[in-house]
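Colleague: below are the sequence and a predicted model; questions follow.
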Amino acid sequence: MSTCCGTPADDTPVLKVYRRVLWAVLAVNVTMFAIEMLAGVWGKSVALQADALDFLGDSATYAMTLMVLGMSIRWRAGAAMIKGLAMGGFGFWVIGTMVYHLALGTLPDFAIMGGIGMLALLANTASAGLLYRYRKGDSNMRSVWLCTRNDVIANLAVIAAASGVWASGTGWPDLAVGAVIAALALSSSVTVLRLARGELRGKLQEQAQA
């Protein structure tokens, strides 16, 4: 069965390859979470800390996806619902962090932001390349793709923010990127929740007609 029509059966070659891909991107994301969070705290960057937490959220997404691969649509859609809610929670957390640093008037270290942003971009671009063929699967696969795609966009924004902090001597570019990352998380949350809800509703309708 094509991944465009849902997650294939557990013993198909497509799913076996997808599982290996998920393990690879999971390892990349866990490593980058640790690196970027340390750099974000050291460099006082909202954007880096937000992006680091996004790596952590993605790691949880990949791990959960590995758990439900090959299970029924109800389990997969349920996992996607949890991930959608987590994306929304992450977006609101970033907004709260922005308000905190805005009140303090924090000036982040643009050199740390730029260097770590480039490293994160390379990691996420590689992950996105591995996951690209699965971007049109069910809500579970879709949530994985959206996480990775958002990360690439966020990394580009972090690099741009580093340049903005250097040029302006203020923390506003860092806060602006934090807002972009929060908006991406909230938008993806809505998309995944709608897809998952539609799949659950369709399954219930099938059972009612059976």
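Modeller: That came through fine.

Colleague: the residue positioned nearest the centre of the chain: which element?
Modeller: By CA atoms, centre = their mean, the mean C-alpha position of the chain lies nearest to C147, the distance being 2.8 Å. Assignment of secondary structure by DSSP states H and E places C147 within helix 139-168.

Colleague: show me what that helix is packed against.
Modeller: Judged by 3 or more CB pairs under 8 Å, 6 or more residues apart in numbering; DSSP states H and E, helix 139-168 is in contact with helix 13-43, helix 46-68, helix 73-104, helix 110-131, helix 172-209. In this view, the C-beta of every residue, glycine as well, is placed from N, C-alpha and C.

Colleague: hmm, back to that, any idea how far G171 is from the residue nearest to the centre of the chain?
Modeller: In this structure, C147 lies at 27 Å from G171, with CB to CB, to the nearest Å as the measure.

Colleague: before we move on, what about M113?
Modeller: The span separating M113 from G171 equals 11 Å under the rule CB to CB.

Colleague: between the two, what contacts are shared?
Modeller: Common neighbours of M113 and G171, counting by CB atoms under 8 Å, 6 or more residues apart in numbering, are V165.

Colleague: who has more neighbours, those two?
Modeller: M113 (31 against 24; other CB atoms under 10 Å).

Colleague: what about the closest residue to that one other than its chain neighbours, how many residues close to it?
Modeller: Once flanking residues are discounted, M113 sits nearest to A162: 3.7 Å by CB to CB, 6 or more residues apart in numbering. Applying the criterion other CB under 10 Å, we find 28 residues in the vicinity of A162.

Colleague: who's in contact with A162?
Modeller: For A162, the set of contacting residues under the criterion of CB under 8 Å, 6+ apart consists of F110, A111, M113, G114, G117, P173.

Colleague: all set, thanks.
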